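*Asks:* Got a predicted model here, sequence first, then my questions.
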Amino acid sequence: MGHDHDHSHSANKKSLMISFILITAFMVVEVIGGLLTNSLALLADAGHMLSDAISLGVAFLAFTLGERSANYSKTYGYKRFEILAAVFNGVTLILIAGFIFYEAYQRFTDPPEVASTGMLVIATIGLIVNLIVAWILMKGDTEENLNLRAAFLHVLGDLLGSVGAIVAALLILFFGWGWADPLASVLVALLILISGYRVTKDSFHVLMEGTPKNVDLEEIIQTIEDVQGVHSIHDLHVWSITSGQNALSCHAVVDPELSIRECQRILRRVESDLEEKGVGHVTIQLESDDHGHGDSVVCHHDQKV
(Lines give C-alpha, C1' and ligand atoms only; values in the text may rest on other atoms or scores of the structure.)
Protein backbone atom coordinates (compact mmCIF):
# COMPACT_ATOMS: atom_id res chain seq x y z
CA MET A 1 0.00 0.00 0.00
CA GLY A 2 2.87 2.37 0.84
CA HIS A 3 4.48 1.61 -2.52
CA ASP A 4 1.22 2.41 -4.35
CA HIS A 5 0.93 5.69 -2.44
CA ASP A 6 4.51 6.68 -3.30
CA HIS A 7 3.90 5.86 -6.98
CA SER A 8 0.67 7.89 -6.98
CA HIS A 9 2.46 10.75 -5.20
CA SER A 10 5.23 10.86 -7.84
CA ALA A 11 2.70 10.70 -10.70
CA ASN A 12 0.64 13.53 -9.16
CA LYS A 13 3.74 15.67 -8.66
CA LYS A 14 4.86 15.14 -12.28
CA SER A 15 1.38 16.00 -13.58
CA LEU A 16 1.39 19.26 -11.63
CA MET A 17 4.86 20.23 -12.87
CA ILE A 18 3.97 19.69 -16.56
CA SER A 19 0.63 21.48 -16.11
CA PHE A 20 2.29 24.44 -14.39
CA ILE A 21 4.75 24.86 -17.30
CA LEU A 22 1.98 24.71 -19.95
CA ILE A 23 -0.37 27.08 -18.13
CA THR A 24 2.37 29.62 -17.38
CA ALA A 25 3.61 29.56 -21.00
CA PHE A 26 0.13 30.15 -22.42
CA MET A 27 -0.58 32.87 -19.87
CA VAL A 28 2.32 34.85 -21.35
CA VAL A 29 0.93 34.24 -24.86
CA GLU A 30 -2.53 35.39 -23.77
CA VAL A 31 -1.20 38.57 -22.18
CA ILE A 32 0.64 39.44 -25.44
CA GLY A 33 -2.47 38.56 -27.46
CA GLY A 34 -4.68 40.68 -25.22
CA LEU A 35 -2.38 43.68 -25.58
CA LEU A 36 -2.10 43.31 -29.38
CA THR A 37 -5.88 42.95 -29.87
CA ASN A 38 -6.76 45.45 -27.14
CA SER A 39 -9.07 42.78 -25.68
CA LEU A 40 -9.97 43.30 -22.04
CA ALA A 41 -11.64 39.87 -22.01
CA LEU A 42 -8.39 38.16 -22.93
CA LEU A 43 -6.41 40.12 -20.37
CA ALA A 44 -8.99 39.19 -17.73
CA ASP A 45 -8.72 35.54 -18.77
CA ALA A 46 -4.93 35.85 -18.54
CA GLY A 47 -5.43 37.00 -14.96
CA HIS A 48 -7.54 33.89 -14.38
CA MET A 49 -4.75 31.77 -15.83
CA LEU A 50 -2.30 33.53 -13.53
CA SER A 51 -4.38 32.27 -10.60
CA ASP A 52 -4.24 28.80 -12.18
CA ALA A 53 -0.44 29.02 -12.43
CA ILE A 54 -0.21 30.13 -8.80
CA SER A 55 -2.52 27.32 -7.63
CA LEU A 56 -0.56 24.72 -9.60
CA GLY A 57 2.71 26.11 -8.24
CA VAL A 58 1.41 25.99 -4.66
CA ALA A 59 0.09 22.45 -5.20
CA PHE A 60 3.49 21.36 -6.58
CA LEU A 61 5.22 22.99 -3.60
CA ALA A 62 2.86 21.11 -1.27
CA PHE A 63 3.85 17.77 -2.80
CA THR A 64 7.53 18.71 -2.56
CA LEU A 65 7.29 19.76 1.10
CA GLY A 66 5.20 16.68 1.82
CA GLU A 67 8.23 14.53 0.94
CA ARG A 68 10.22 15.88 3.90
CA SER A 69 10.88 13.32 6.59
CA ALA A 70 9.16 13.41 9.97
CA ASN A 71 11.13 14.85 12.87
CA TYR A 72 10.72 15.63 16.57
CA SER A 73 9.02 18.91 15.69
CA LYS A 74 6.70 17.48 12.98
CA THR A 75 6.07 13.83 13.87
CA TYR A 76 3.87 13.35 10.79
CA GLY A 77 6.27 15.26 8.58
CA TYR A 78 4.85 17.94 6.27
CA LYS A 79 2.13 15.87 4.61
CA ARG A 80 -0.62 18.10 5.97
CA PHE A 81 0.75 20.95 3.82
CA GLU A 82 -1.08 19.33 0.90
CA ILE A 83 -4.39 19.92 2.70
CA LEU A 84 -3.45 23.52 3.51
CA ALA A 85 -2.71 24.02 -0.19
CA ALA A 86 -6.14 22.58 -1.03
CA VAL A 87 -7.76 25.06 1.38
CA PHE A 88 -5.80 27.91 -0.24
CA ASN A 89 -6.89 26.83 -3.72
CA GLY A 90 -10.52 26.32 -2.66
CA VAL A 91 -10.73 29.79 -1.11
CA THR A 92 -9.00 31.25 -4.18
CA LEU A 93 -11.66 29.69 -6.42
CA ILE A 94 -14.39 31.37 -4.34
CA LEU A 95 -12.60 34.74 -4.53
CA ILE A 96 -12.15 34.37 -8.31
CA ALA A 97 -15.87 33.67 -8.67
CA GLY A 98 -16.65 36.82 -6.66
CA PHE A 99 -14.32 38.90 -8.87
CA ILE A 100 -15.95 37.52 -12.04
CA PHE A 101 -19.43 38.40 -10.68
CA TYR A 102 -18.21 41.95 -10.03
CA GLU A 103 -16.65 42.30 -13.49
CA ALA A 104 -19.78 40.83 -15.11
CA TYR A 105 -21.94 43.44 -13.36
CA GLN A 106 -19.67 46.21 -14.67
CA ARG A 107 -19.91 44.83 -18.21
CA PHE A 108 -23.70 44.50 -18.09
CA THR A 109 -24.02 48.15 -17.11
CA ASP A 110 -21.29 49.41 -19.46
CA PRO A 111 -20.37 46.83 -22.16
CA PRO A 112 -16.81 47.44 -23.43
CA GLU A 113 -15.67 47.16 -27.05
CA VAL A 114 -14.27 43.68 -27.63
CA ALA A 115 -12.01 42.64 -30.52
CA SER A 116 -14.10 39.53 -31.16
CA THR A 117 -11.93 37.95 -33.89
CA GLY A 118 -8.72 38.12 -31.87
CA MET A 119 -10.64 37.06 -28.79
CA LEU A 120 -11.97 34.01 -30.66
CA VAL A 121 -8.52 32.90 -31.87
CA ILE A 122 -6.79 33.26 -28.51
CA ALA A 123 -9.73 31.70 -26.60
CA THR A 124 -9.67 28.70 -28.94
CA ILE A 125 -5.94 28.19 -28.33
CA GLY A 126 -6.63 28.57 -24.62
CA LEU A 127 -9.31 25.87 -24.81
CA ILE A 128 -6.85 23.45 -26.43
CA VAL A 129 -4.16 24.16 -23.81
CA ASN A 130 -6.64 23.74 -20.95
CA LEU A 131 -7.94 20.47 -22.43
CA ILE A 132 -4.37 19.13 -22.54
CA VAL A 133 -3.66 20.24 -18.96
CA ALA A 134 -7.00 18.85 -17.69
CA TRP A 135 -6.21 15.52 -19.38
CA ILE A 136 -2.77 15.42 -17.73
CA LEU A 137 -4.23 16.14 -14.29
CA MET A 138 -7.05 13.61 -14.75
CA LYS A 139 -4.41 10.92 -15.12
CA GLY A 140 -3.46 11.68 -11.50
CA ASP A 141 -5.43 10.86 -8.36
CA THR A 142 -8.04 13.65 -8.54
CA GLU A 143 -10.61 11.48 -6.75
CA GLU A 144 -8.72 10.91 -3.49
CA ASN A 145 -6.08 13.68 -3.43
CA LEU A 146 -7.69 16.98 -2.39
CA ASN A 147 -4.64 19.02 -3.37
CA LEU A 148 -4.61 17.67 -6.93
CA ARG A 149 -8.40 17.91 -7.19
CA ALA A 150 -8.31 21.59 -6.19
CA ALA A 151 -5.69 22.31 -8.87
CA PHE A 152 -7.72 20.32 -11.42
CA LEU A 153 -10.86 22.33 -10.62
CA HIS A 154 -8.90 25.55 -11.14
CA VAL A 155 -7.96 24.37 -14.64
CA LEU A 156 -11.49 23.08 -15.30
CA GLY A 157 -12.85 26.50 -14.39
CA ASP A 158 -10.44 28.12 -16.85
CA LEU A 159 -11.41 25.55 -19.49
CA LEU A 160 -15.06 26.49 -19.05
CA GLY A 161 -13.98 30.13 -19.19
CA SER A 162 -12.38 29.46 -22.60
CA VAL A 163 -15.60 27.82 -23.83
CA GLY A 164 -17.60 30.78 -22.57
CA ALA A 165 -15.20 33.22 -24.26
CA ILE A 166 -15.48 31.32 -27.57
CA VAL A 167 -19.29 31.31 -27.48
CA ALA A 168 -19.38 34.98 -26.45
CA ALA A 169 -16.91 35.92 -29.20
CA LEU A 170 -19.05 34.15 -31.82
CA LEU A 171 -22.24 35.86 -30.61
CA ILE A 172 -20.52 39.26 -30.62
CA LEU A 173 -18.92 38.58 -34.02
CA PHE A 174 -22.12 37.46 -35.81
CA PHE A 175 -24.91 39.18 -33.86
CA GLY A 176 -23.26 42.03 -32.01
CA TRP A 177 -24.57 40.80 -28.67
CA GLY A 178 -22.21 42.55 -26.27
CA TRP A 179 -24.06 41.14 -23.25
CA ALA A 180 -22.99 37.60 -24.20
CA ASP A 181 -19.55 38.14 -22.68
CA PRO A 182 -20.71 38.98 -19.12
CA LEU A 183 -23.48 36.35 -19.28
CA ALA A 184 -20.96 33.61 -20.10
CA SER A 185 -18.77 34.89 -17.27
CA VAL A 186 -21.62 34.62 -14.76
CA LEU A 187 -22.37 31.00 -15.74
CA VAL A 188 -18.71 30.05 -15.42
CA ALA A 189 -18.43 31.90 -12.09
CA LEU A 190 -21.32 29.84 -10.68
CA LEU A 191 -19.51 26.60 -11.54
CA ILE A 192 -16.24 27.91 -10.07
CA LEU A 193 -18.05 28.97 -6.88
CA ILE A 194 -19.59 25.50 -6.39
CA SER A 195 -16.24 23.79 -7.00
CA GLY A 196 -14.41 26.13 -4.62
CA TYR A 197 -17.00 25.55 -1.90
CA ARG A 198 -16.74 21.76 -2.19
CA VAL A 199 -12.92 21.71 -2.11
CA THR A 200 -12.81 24.09 0.87
CA LYS A 201 -15.45 22.06 2.73
CA ASP A 202 -13.64 18.74 2.13
CA SER A 203 -10.28 20.25 3.12
CA PHE A 204 -11.72 21.73 6.31
CA HIS A 205 -13.17 18.30 7.16
CA VAL A 206 -9.66 16.80 6.95
CA LEU A 207 -8.15 19.60 9.06
CA MET A 208 -10.85 18.98 11.69
CA GLU A 209 -9.76 15.31 11.65
CA GLY A 210 -13.21 14.20 10.55
CA THR A 211 -13.90 10.60 9.57
CA PRO A 212 -12.64 10.01 5.98
CA LYS A 213 -15.44 9.80 3.43
CA ASN A 214 -14.18 6.45 2.12
CA VAL A 215 -14.35 4.89 5.59
CA ASP A 216 -17.50 3.28 7.04
CA LEU A 217 -17.12 3.59 10.82
CA GLU A 218 -19.63 0.84 11.61
CA GLU A 219 -17.78 -1.48 9.24
CA ILE A 220 -14.46 -0.59 10.91
CA ILE A 221 -15.88 -1.41 14.36
CA GLN A 222 -17.25 -4.71 13.11
CA THR A 223 -13.96 -5.58 11.39
CA ILE A 224 -11.95 -5.11 14.60
CA GLU A 225 -14.43 -6.91 16.85
CA ASP A 226 -14.64 -9.85 14.44
CA VAL A 227 -10.98 -10.63 15.16
CA GLN A 228 -10.75 -13.62 17.47
CA GLY A 229 -9.69 -12.50 20.94
CA VAL A 230 -11.15 -8.96 20.79
CA HIS A 231 -14.15 -8.53 23.12
CA SER A 232 -14.97 -4.90 22.36
CA ILE A 233 -13.39 -1.55 21.47
CA HIS A 234 -13.73 2.02 22.70
CA ASP A 235 -12.10 5.45 22.26
CA LEU A 236 -12.11 4.92 18.50
CA HIS A 237 -10.77 7.71 16.29
CA VAL A 238 -10.36 7.59 12.50
CA TRP A 239 -8.93 10.53 10.55
CA SER A 240 -6.86 11.48 7.51
CA ILE A 241 -3.22 12.51 7.82
CA THR A 242 -3.43 13.74 4.23
CA SER A 243 -5.33 12.69 1.11
CA GLY A 244 -5.15 8.92 0.66
CA GLN A 245 -3.52 8.28 4.07
CA ASN A 246 -6.01 7.32 6.76
CA ALA A 247 -5.12 6.65 10.40
CA LEU A 248 -6.88 4.95 13.30
CA SER A 249 -6.39 4.70 17.05
CA CYS A 250 -8.51 2.85 19.60
CA HIS A 251 -8.51 0.77 22.79
CA ALA A 252 -9.36 -2.92 22.37
CA VAL A 253 -10.55 -5.03 25.28
CA VAL A 254 -9.01 -8.53 25.30
CA ASP A 255 -8.68 -11.43 27.76
CA PRO A 256 -6.07 -10.53 30.41
CA GLU A 257 -4.76 -14.10 30.29
CA LEU A 258 -3.52 -13.75 26.69
CA SER A 259 0.19 -14.17 26.08
CA ILE A 260 2.37 -11.58 24.35
CA ARG A 261 2.49 -13.80 21.26
CA GLU A 262 -1.32 -14.01 21.14
CA CYS A 263 -1.62 -10.23 21.55
CA GLN A 264 0.82 -9.73 18.67
CA ARG A 265 -1.28 -12.10 16.55
CA ILE A 266 -4.39 -10.03 17.28
CA LEU A 267 -2.61 -6.78 16.37
CA ARG A 268 -1.25 -8.17 13.09
CA ARG A 269 -4.69 -9.49 12.12
CA VAL A 270 -6.41 -6.18 12.91
CA GLU A 271 -3.78 -4.21 10.97
CA SER A 272 -4.12 -6.53 7.97
CA ASP A 273 -7.94 -6.39 7.97
CA LEU A 274 -8.01 -2.60 8.36
CA GLU A 275 -5.50 -2.10 5.54
CA GLU A 276 -8.04 -3.77 3.23
CA LYS A 277 -10.60 -1.20 4.43
CA GLY A 278 -8.36 1.74 3.46
CA VAL A 279 -6.77 2.41 6.87
CA GLY A 280 -2.99 2.00 6.73
CA HIS A 281 -1.75 3.70 9.92
CA VAL A 282 -3.13 1.84 12.96
CA THR A 283 -2.43 2.36 16.68
CA ILE A 284 -4.26 0.03 19.09
CA GLN A 285 -3.96 -0.19 22.86
CA LEU A 286 -4.85 -3.64 24.22
CA GLU A 287 -6.35 -3.72 27.69
CA SER A 288 -8.61 -5.75 29.98
CA ASP A 289 -12.16 -5.00 31.10
CA ASP A 290 -11.03 -3.57 34.44
CA HIS A 291 -8.89 -0.91 32.75
CA GLY A 292 -10.58 2.43 33.45
CA HIS A 293 -11.28 4.85 30.62
CA GLY A 294 -13.23 8.04 30.03
CA ASP A 295 -15.95 8.52 27.45
CA SER A 296 -14.96 9.92 24.09
CA VAL A 297 -16.82 10.87 20.91
CA VAL A 298 -17.03 7.23 19.83
CA CYS A 299 -17.01 5.32 23.10
CA HIS A 300 -20.19 3.28 22.76
CA HIS A 301 -21.45 1.82 19.51
CA ASP A 302 -24.91 3.33 19.87
CA GLN A 303 -23.44 6.86 19.75
CA LYS A 304 -23.50 8.37 16.27
CA VAL A 305 -22.14 11.86 15.67
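*Replies:* In hand now; what should we look at?

*Asks:* Domains in this protein, by residue range?
*Replies:* 6-208, 217-287 (the TED database).

*Asks:* Next, the distance between the ends of the shortest one.
*Replies:* Think domain 217-287. 21 Å (Cα to Cα, to the nearest Å).

*Asks:* Report the mean confidence score over that domain.
*Replies:* Across domain 217-287, pLDDT averages out at 88.

*Asks:* quick revisit: which of the domains of the chain has the lowest mean pLDDT?
*Replies:* Among the domains of the chain, domain 6-208 has the lowest mean pLDDT, at a mean of 79.

*Asks:* elements contacting whichever strand or helix holds Ile128?
*Replies:* Ile128 is part of helix 116-138 when elements are defined by DSSP states H and E. Counting contacts by 3 or more Cβ pairs under 8 Å, 6 or more residues apart in numbering; DSSP states H and E, helix 116-138 is packed against helix 2-37, helix 40-66, helix 146-175. From N, CA and C alone the C-beta is placed, and that goes for glycine too.

*Asks:* Can you name the element that comes right after the shortest one?
*Replies:* Put plainly, it is helix 40-66. Helix 40-66 is succeeded, C-terminally, by helix 81-109 (DSSP H and E).

*Asks:* Okay, buried residues for that following helix please.
*Replies:* Neighbour counts over helix 81-109 (16 or more other Cβ atoms under 10 Å) mark 81-94, 96-97, 100-101, 103-104, 107 as buried.

*Asks:* What helices and strands are in contact with it?
*Replies:* helix 40-66, helix 146-175, helix 180-207.

*Asks:* Same list (these) but as a markdown table, adding distance to Ser288 and mean neighbour count.
*Replies:* Converted to a markdown table, the helices and strands packed on helix 81-109 look like this (distance: least, Cβ to Cβ, whole Å; neighbours: other Cβ atoms under 10 Å):
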| stretch | distance to Ser288 | mean neighbour count |
| --- | --- | --- |
| helix 40-66 | 40 | 22 |
| helix 146-175 | 40 | 23 |
| helix 180-207 | 35 | 20 |
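
*Asks:* do you know which of those lies nearest Glu219?
*Replies:* When the helices and strands packed on helix 81-109 are ranked by proximity to Glu219, the top entry is helix 180-207, at 19.1 Å, counting by Cβ to Cβ.

*Asks:* Just give me how far that closest one sits from the chain centre.
*Replies:* Helix 180-207 sits 13 Å away from the centroid of its parent chain (Cα atoms, centre = their mean, to the nearest Å).

*Asks:* Repeat that for stretch 76-89.
*Replies:* With Cα atoms, centre = their mean as the basis, stretch 76-89 stands 10 Å off its chain's centre.

*Asks:* and what of stretch 281-290?
*Replies:* With Cα atoms, centre = their mean, you get 33 Å for stretch 281-290.

*Asks:* likewise stretch 119-131?
*Replies:* Mean-position distance between stretch 119-131 and its chain equals 25 Å (Cα atoms, centre = their mean).

*Asks:* Can you give me the buried ones in it?
*Replies:* Neighbour counts over stretch 119-131 (16+ other Cβ under 10 Å) mark 119-123, 126-127, 129-130 as buried.
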